[in-house]
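Enquirer: sequence unavailable; structure follows:
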């Protein structure tokens, strides 16, 4: 019994010791944890200012890169304006050359054909140059719009950076310790922002100058376009005069027939005058009419200048009643074959092939949509049109 009591007393000593040791360890851990948390809070407070300065430096670098891109875009725009000015000067020189050539051609009739051909080439070059200038102007306008958008973005960025700088300055003033290096960096930021604002003002002035230059180019391009339109209108009026002469002579040759009409700028033959039903073989009466047509066309074509791009267009039309034969599977084939037969006959009579064109429309362009014999007769026709190529 005594032995058991001594063992129990010896065993009761160790749990108390372990509990005391555990409590001591917990206190030490708590103290260490408090120390670590204090160190973290202190280091975060100290490094907050450094992070703010690093963020401002990064934003300044981004702003500098954006400004560099803006300068490159402005340089490209100025280059394009110079190219456009050179192109416009070339167009003016070509226009002056054209005027001189036209004045000299009035004095010498024998050189008219060559000078007119040269005039056509210069006009074509001027039209191409005008189209290129219009494209350049459109691209320049797009570049200016992009520069304006970029300017607005830069102004917004500068305002944001200024606001951020003001917040940073207020935060730095609230701190009790401010290093000399931080003050120097803030002053540098202020100078750089001022420089950015100055550059933005210069860019706005350059944009205003570019807009004025573009306005002047637009006026010059518009003047050149009006001159080209006047020249083209003169050529169209000249072709209209020969067209009226051609139709007048053809009317006089054919006489007053009910189956031959003049509608606007077209001369309309009823198909029965030239072809039997469902055939592309010209009838005897049709051959006589086409022979008169060929003689009239040759007479008129002698007076038309060689450089005037005229062509006699022959259009074939049918009524809506379907046709289906081995030779003509549809009305398209029949109308096209009839137009080709007239073109081949005129070519054989000496009309240049490059002055002839044939088209078949089938039943798809009727003059009368009614389902009557009279409407069918009106729709079966051959139309002649003297037009430009």
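Expert: Thanks, I have the structure now. Remember, it's a predicted structure, so these values are computed and weren't measured experimentally.

Enquirer: just the strands in the stretch 251-389 of the chain please.
Expert: 260-263, 266-270, 310-317, 356-360, 381-388 (DSSP state E, counting those that start in this stretch).

Enquirer: just the angle between the second one and strand 381-388, please?
Expert: In other words, strand 266-270. 160 degrees (axes from the mean of the first three to the mean of the last three C-alpha atoms, to 10 degrees).

Enquirer: relative to strand 310-317, how tilted is strand 266-270?
Expert: Here strand 266-270 runs at 40 degrees with respect to strand 310-317, directions being taken by the same axes, to 10 degrees.

Enquirer: quick one: list the elements packing against strand 266-270.
Expert: strand 260-263, strand 381-388 (3 or more C-beta pairs under 8 Å, 6 or more residues apart in numbering; DSSP states H and E). Every C-beta, even on glycine, is put in place using the N, C-alpha and C of the backbone.

Enquirer: what's the closest of the ones you listed to residue 80?
Expert: strand 381-388 (35.7 Å; C-beta to C-beta).

Enquirer: list the buried residues for the closest one?
Expert: Residues of strand 381-388 classed as buried by neighbour count (16 or more other C-beta atoms under 10 Å): 381-386.

Enquirer: can you list the domain ranges for the chain.
Expert: Domain ranges of the chain: 40-234, 255-388, per automatic domain parsing.

Enquirer: picking that back up, okay if I get the helices and strands packed on strand 266-270 as CSV plus distance to residue 344?
Expert: Below are the helices and strands packed on strand 266-270 laid out as CSV (distance: least, C-beta to C-beta, whole Å):
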stretch, distance to residue 344
strand 260-263, 21
strand 381-388, 14
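
Enquirer: looking at those, which is closest to residue 152?
Expert: Between those, strand 381-388 lies closest to residue 152; by C-beta to C-beta that is 49.6 Å.

Enquirer: now for the closest one, which elements pack on it?
Expert: Using 3+ C-beta pairs under 8 Å, 6+ apart as the contact test, the elements touching strand 381-388 are helix 180-254, strand 266-270, helix 271-274, strand 310-317, helix 331-348.

Enquirer: can I get the strands of the stretch 251-389 of the chain in CSV including distance to residue 222?
Expert: CSV is the format used below for these (distance: least, C-beta to C-beta, whole Å):
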stretch, distance to residue 222
strand 260-263, 37
strand 266-270, 35
strand 310-317, 30
strand 356-360, 35
strand 381-388, 25
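
Enquirer: residue 327 is nearest to which of those?
Expert: For the strands of the stretch 251-389 of the chain, the distance to residue 327 is smallest for strand 356-360, at 13.8 Å, taking C-beta to C-beta.

Enquirer: angle of the closest one against strand 381-388?
Expert: Going by the same axes, to 10 degrees, strand 356-360 makes 140 degrees with strand 381-388.

Enquirer: which neighbours does strand 356-360 have in its sheet, and in what orientation?
Expert: When pairs are called by DSSP bridges, strand 356-360 turns out to pair with strand 310-317 (parallel).

Enquirer: not counting its own residues, what contacts the partner strand?
Expert: 239, 242, 271, 297, 301, 304, 334-339, 342-343, 346, 351, 354-363, 365-366, 379-389 (C-beta atoms under 8 Å, 6 or more residues apart in numbering).

Enquirer: what about residue 128, distance to residue 264?
Expert: Separation of residue 128 from residue 264 (C-beta to C-beta, to the nearest Å): 33 Å.

Enquirer: neighbour-wise, which of these two wins?
Expert: residue 128 (11 against 7; other C-beta atoms under 10 Å).

Enquirer: where does the stretch 151-300 of the chain have low pLDDT?
Expert: Within the stretch 151-300 of the chain, the stretches with pLDDT under 70 are 151, 154-155, 157-158, 161-162, 164-180, 182, 223, 225-259.

Enquirer: between the strands of the stretch 251-389 of the chain, which gets nearest to residue 278?
Expert: Nearest to residue 278, of all the strands of the stretch 251-389 of the chain, is strand 310-317, at 13.1 Å by C-beta to C-beta.

Enquirer: quick one: average confidence on the closest one?
Expert: Mean pLDDT, strand 310-317: 92.

Enquirer: one step back: select, out of the helices and strands packed on strand 266-270, the one closest to residue 163.
Expert: Nearest to residue 163, of the helices and strands packed on strand 266-270 and by C-beta to C-beta, is strand 381-388 at 66.1 Å.

Enquirer: that closest one to helix 331-348, inter-axis angle?
Expert: 60 degrees.

Enquirer: pLDDT of strand 381-388, averaged?
Expert: pLDDT averaged over strand 381-388 gives 88.

Enquirer: repeat for stretch 135-147
Expert: Mean predicted lDDT for stretch 135-147 stands at 66.

Enquirer: go on, stretch 61-69?
Expert: Computed over stretch 61-69, the average pLDDT equals 72.

Enquirer: what residues of stretch 373-380 count as buried?
Expert: For stretch 373-380, by 16+ other C-beta under 10 Å, it's 375-376, 378-380.

Enquirer: among those, name the ones in helices.
Expert: Of the buried residues of stretch 373-380, the ones assigned to helices by DSSP state H are 375-376, 378-379.

Enquirer: identify the farthest-apart pair in these.
Expert: Longest span within these, C-beta to C-beta: 376 and 378, 7.4 Å.

Enquirer: ok, which of the helices and strands packed on strand 266-270 comes nearest residue 156?
Expert: Nearest to residue 156, of all the helices and strands packed on strand 266-270, is strand 381-388, at 55.5 Å by C-beta to C-beta.
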